[in-house]
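Pasting the sequence and the predicted coordinates here, then a few questions.
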Amino acid sequence: MTLKPRYKRVVIIIGALIAIGLAVTLILNALNSNIALFVTPSEVAAGKSPQGQAFRIGGMVKEGSVKRDNLTVNFVITDMVKDIPVAYTGILPDLFKEGKGAVAQGRLNSDGKFIASEVLAKHDENYMPPEAQHALDQAQKNGSKK
């Protein structure tokens, strides 16, 4: 049985639409799995962090909190209101220091400790990403109201 040309075109169009829909679904799924939201320590303490997926936590490295054990470094990220303990195994950036800004990407474990897979340090004495500065300002403002 042969199809009329009109029906062949309809079948081709439907097949193309299905292929495009499948491609868009796969692309959106890949993008969604690579997104890492930025969260402050106050938001993590309030339970507003993404559960079961990687995210970024940013703030200042608390003075006196850096403890080294071979390649594992334990430190505390703070937004001057709440503190979150962080563990990172690897080599830290050269600009990573106590009292300076840092952003860590990773996951929160069941004990409330953030297990970082990547740590980024602030690269200029006067620069802080606008969203990080806004988050720190908001956390301090909310913390002073309590």
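Cool, got the structure.

all contacts plus neighbour counts: C-alpha atoms, from now on.
Noted.

where in this structure is pLDDT low?
1, 33-34, 36, 122-129, 131-132, 143-146 (pLDDT under 70).

in it, which spans are helices?
With helices called from DSSP state H, the chain shows them at 5-34, 41-45, 130-145.

Alpha carbons of the shortest one, as PDB, please.
Yep, that's helix 41-45 we're talking about. Provided in PDB are the C-alpha atoms of helix 41-45 (Å, rounded to 0.1, in the frame of the first residue of the first chain):
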ATOM      1  CA  PRO A  41      24.500  30.300  55.000                       C
ATOM      2  CA  SER A  42      21.300  31.900  56.500                       C
ATOM      3  CA  GLU A  43      19.200  30.300  53.800                       C
ATOM      4  CA  VAL A  44      20.900  26.900  54.300                       C
ATOM      5  CA  ALA A  45      20.300  27.200  58.100                       C
END
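
Show me what that helix is packed against.
strand 55-61, strand 83-89 (3 or more Cα pairs under 8 Å, 6 or more residues apart in numbering; DSSP states H and E).

The helices of the chain: which one's closest to Gly52?
helix 5-34 (11.6 Å; Cα to Cα).

now, of the helices and strands packed on helix 41-45, which is deepest in the fold?
Neighbour counts (mean count of other Cα atoms under 10 Å) averaged over each of the helices and strands packed on helix 41-45 peak at strand 55-61, with a mean of 25.

So what touches that one?
35-41, 49, 75-80, 97-107, 132, 136 (Cα atoms under 8 Å, 6 or more residues apart in numbering).

Of those residues, grab the buried ones for ChimeraX.
Restricted to buried positions by 16 or more other Cα atoms under 10 Å, the ChimeraX selection for the contacts of strand 55-61 reads:
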select :38,39,40,41,49,75,76,77,78,79,80,97,98,100,101,102,103,104,105,106,107,132,136
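
Sounds good, over and out.
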